[in-house]
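Peer 1: here's a sequence, model it:
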Amino acid sequence: MANSVSDLPDWAASRLDQTHDTVGQWVDHSARSLDGWLGTDDNLTVDNHSYLRFTLENAWQESQGFSNDLGVRFKLDLPTSKKRLRLLIESDPEESLGSLSEQGSDSQLNQRLDSNNVIIGLDALNRDDKRQHWSYRAGGGIKLKLPLDPYARAIGERLWRLGDSPWELHSHNRLSWFNSDGYSARSSWELARPLTSARRLRSHSQLQWQESEDTLEFSQRFEIAHRLNHRTTLRNGLIMVGESLSSPHMNDYYLQSWYRRDIHKGRLFLDAIPELHFERESDFEPRWAFTLRLELYLRKSIDRAL
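Peer 2: Numbering: from 1, shown residues only. Take a look at the predicted model:
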């Protein structure tokens with residue numbers, strides 16, 4: 001196996017490719033077939049973002065020891081089911097991730113498969129280019145648990161290029177209602193610019209309010225992302241997590257170095273993440289943490305940006 005695409009020995013790469021091709025084609029074919037039944041013949045040509053993802057995570061925290069988790073997430077995308085409607089079936093939506101402190105280093109990778117967190121719904125799409133106008137999605141559906149849990153949500157995104165400068169500002173906002181959990185609101189703002197062709201500076205701010213928690217949470221992340229080569233990235237960051245609008249205070253400060261390696265053809269990834277935490281609950285005494293994670297994507301095509 002060529003070193004430019006894989007770190008695996010030939011026998012392991014061959015088995016992984018067979019599994020990926022079989023399951024990935026099945027995921028894509030199943031999504032397009034269902035989309036064609038509900039929608040139009042365009043299902044064969046449009047982009048389809050359905051996928052199945054497995055993560056195997058081993059984590060260690062000072063004073064808490066080791067933990068192991070197997071995570072599974074799926075998303076079934078049916079883009080042509082209606083001209084401006086999209087049928088969506090997915091596990092563990094953003095609203096199920098818990099507090100910002102619970103989400104940890106990366107909310108999108110810390111999701112655990114829970115049979116009570118599968119949703120099916122319709123999204124109404126506004127196809128405006130978010131670089132020119134606000135782009136909106138609004139939808140609703142049910143969470144597949146007993147009793148059935150209806151939900152509604154609205155999402156707005158905007159991307160600004162700040163004049164002739166290299167800075168870009170991206171805003172992502174979500175307002176949700178679940179019958180079981182009540183209302184929640186989330187807003188994220190990312191200011192970023194390239195430093196060189198291989199380095200990028202980011203400032204990422206998050207606000208989150210959940211009716212069930214009844215407190216405003218906020219986090220701030222500053223990081224420099226460095227693309228070491230076409231398969232490897234390193235992100236060094238400072239993260240702060242706090243809460244309360246009436247009496248703001250920080251609950252955690254931590255330094256993080258995130259090494260990510262594409263170890264096989266954009267399908268299998270390795271994350272190594274050391275962190276040094278200063279948490280309020282430990283009187284801001286330094287506490288080390290380390291996460292080692294494998295992530296396998298099964299879909300027809302992969303796009304994992306820096």
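
Peer 1: please enumerate the strands of the stretch 151-300 of the chain.
Peer 2: 168-178, 182-194, 199-210, 215-229, 232-243, 249-264, 268-279, 286-298 (DSSP state E, counting those that start in this stretch).

Peer 1: how far away is residue 245 from residue 156?
Peer 2: Remark: distance between residue 245 and residue 156 (CB to CB, to the nearest Å) = 22 Å. Where C-beta positions appear, they are placed from N, C-alpha and C, glycine not excepted.

Peer 1: comparing those two, which residue is more hemmed in?
Peer 2: Counting neighbours by other CB atoms under 10 Å for residue 245 and for residue 156 shows that residue 156 has the greater number, 17 against 11.

Peer 1: please report how far the more buried one lies from residue 141.
Peer 2: Spatial separation of residue 156 from residue 141 under the definition CB to CB is 19 Å.

Peer 1: wait, what's in contact with residue 63?
Peer 2: Residues in contact with residue 63 (CB atoms under 8 Å, 6 or more residues apart in numbering) are 282, 287.

Peer 1: helix/strand/coil for it?
Peer 2: coil (DSSP: H, G, I helix; E, B strand; the rest coil).

Peer 1: please report phi then psi for it.
Peer 2: As for residue 63, its main-chain torsions (degrees, to the nearest 10) stand at phi 80, psi -10.

Peer 1: just give me the longest helix of the protein.
Peer 2: For the chain, the helix with the greatest residue count under DSSP state H is helix 10-38.

Peer 1: packing partners for that one?
Peer 2: For helix 10-38, the packing partners by 3 or more CB pairs under 8 Å, 6 or more residues apart in numbering; DSSP states H and E come out as strand 51-61, strand 65-78, strand 286-298.

Peer 1: and if we set it to 10 Å?
Peer 2: Helices and strands touching helix 10-38, as assessed by 3 or more CB pairs under 10 Å, 6 or more residues apart in numbering; DSSP states H and E, comprise strand 51-61, strand 65-78, strand 85-91, strand 249-264, strand 268-279, strand 286-298.
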